[in-house]
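Q: Predicted model and sequence below, questions to follow.
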Amino acid sequence: MKILEKDELCWCGSGKKYEDCHMNFDLKINKQAKKLKALSPSRKMIKSPKDIEGIKAAAVVNNGLLDMVEGRIKAGISTDDINTWCEEFLKEHDAHSADLGYMGYPKSICTAVNDVICHGIPSDKVILKEGDIINVDVTTEYKGYYADASRMFMIGEVSENAKRLVEVTKECLEIGMAQIKPFYSQVRDIGIAIERYAKSKGYSVVMEYCGHGVGYKMHEDPYVLHYASYEPSVLLVPGMVITIEPMINEGSRYIRFKAGDDWTSYTKDGKLSAQWEHTIVITEDGYEVVSK
Ligand code: MF3
Ligand code: CO
Ligand code: CO
């Protein structure tokens, strides 16, 4: 963080003198980043209280949408039916899907059934049946702010293996979040903890996709790996808003695509994959899960 002159206006746009606003915050970042051999976050990564209110409002819609899906999802419906429900819900709430049209993505949500890792395109040909596990992932844009979350759903009675994978994947997300210690931990600590835990349960971590900053757009810096990397990473500080969204495989970590679809990512070995995603606001003394 570049330290300004005391009397200058603060960089955050509050209109206050730097000395009376973010000066001590910036000094603490620099001190802790140095101590932890971490990188200082850029100013764009630090959201104002007003921005955080905006992100929380988007999160309320995103959560409502996933609650709606949770109430209706069942065997016999298609993943395209879920997409239709979501489009209706977003319209009723004056909100939009950030997925629709993103790099040409054709639908408003992602639906990942069984061996689909992520970015499954809703289809009227994919009919849910008893025993399936499915991830529904959506990023809502509401009044210019973004919130991103996904949940797993189990359709009727599912196998013990599937249930355990879904549970452990949720624990991976929780263990990742537990690494957030504002000013005292860095982004890489999240992935280090997730990989260690997933492997201790006999699972593998998908390396091709990661969590991310979120708020003004769907995907922002910093990128949040779910596996161990010991490269210096960004210090976690209050005002940052990130997602954690581990994709955990029952078998090997490797992915594949099928002909004619560059979006849908499958496990290479055809075994199950699960994912949970939250949008998380980092606070003075910890974090708040705003979209889940
Ligand atoms: N919601 C996804 C994420 O967690 C991204 C969606 S990709 C899209 O980052 F293509 F569907 F938009
Ligand atoms: Co998402
Ligand atoms: Co995301």
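A: It's in. Ligands and ions are numbered 1, 2, ... in the order given.

Q: Make sure residue 173 is indeed in a strand.
A: No - going by DSSP: H, G, I helix; E, B strand; the rest coil, the assignment for residue 173 is helix, not a strand.

Q: Can you get me a residue count around the nearest residue in space to residue 221 that is not next to it in sequence?
A: Nearest residue to residue 221, sequence neighbours excluded (Cβ to Cβ, 6 or more residues apart in numbering): residue 213, at 5.3 Å. In this view, the C-beta of every residue, glycine as well, is placed from N, C-alpha and C. Counted with other Cβ atoms under 10 Å, residues neighbouring residue 213 total 24.

Q: what do you get for the one 3 residues further on?
A: By other Cβ under 10 Å, 15 other residues sit near residue 216.

Q: so what's residue 115 up against?
A: Residue 115 makes contacts with 266-267, 270-273, as judged by Cβ atoms under 8 Å, 6 or more residues apart in numbering.

Q: for the chain, what's the longest helix?
A: When the chain is parsed with DSSP state H, its longest helix is helix 49-72.

Q: If you count neighbours, what's buried in the next helix or strand after that helix?
A: Later in the chain than helix 49-72, the nearest helix or strand by DSSP states H and E is helix 79-92. Residues of helix 79-92 classed as buried: 79-87, 89-90 (neighbour count, 16 or more other Cβ atoms under 10 Å).

Q: now helix 79-92 against helix 49-72, angle please.
A: If you take axes from the mean of the first three to the mean of the last three Cα atoms, to 10 degrees, helix 79-92 sits at 140 degrees to helix 49-72.

Q: Residue 194 and residue 147, how far apart?
A: As judged by Cβ to Cβ, to the nearest Å, residue 194 and residue 147 stand 21 Å apart.

Q: what about the two, which has more around it?
A: Set residue 194 next to residue 147 and count neighbours by other Cβ under 10 Å: residue 147 wins out with 32 against 29.

Q: who's the more buried one bridged to?
A: residue 140 (DSSP bridges).

Q: got the residues of this protein near ligand 2?
A: Counting by Cβ under 5 Å from the ion, the chain comes close to ligand 2 at 137, 148, 277.

Q: Find the closest residue to ligand 3 in the stretch 51-200 of the chain.
A: Proximity of the stretch 51-200 of the chain to ligand 3 (Cβ to the ion) peaks at residue 148, 4.1 Å away.

Q: returning to what we had before: hang on, the residue nearest to residue 221 packs against residue 239?
A: No - in this structure, residue 213 is not within contact of residue 239 by Cβ atoms under 8 Å, at 11.0 Å.

Q: joint contacts of these two?
A: Contact criterion Cβ under 8 Å, 6+ apart; residues bridging residue 213 and residue 239 by contacting each: residue 45.

Q: Nearest residue to the middle of the chain?
A: Of all residues in the chain, the one closest to the mean position by Cα atoms, centre = their mean is residue 243, 3.1 Å from it.

Q: got the contact list for that one?
A: By Cβ under 8 Å, 6+ apart, the contact set of residue 243 is 148-149, 211-212, 214, 224, 277-280.
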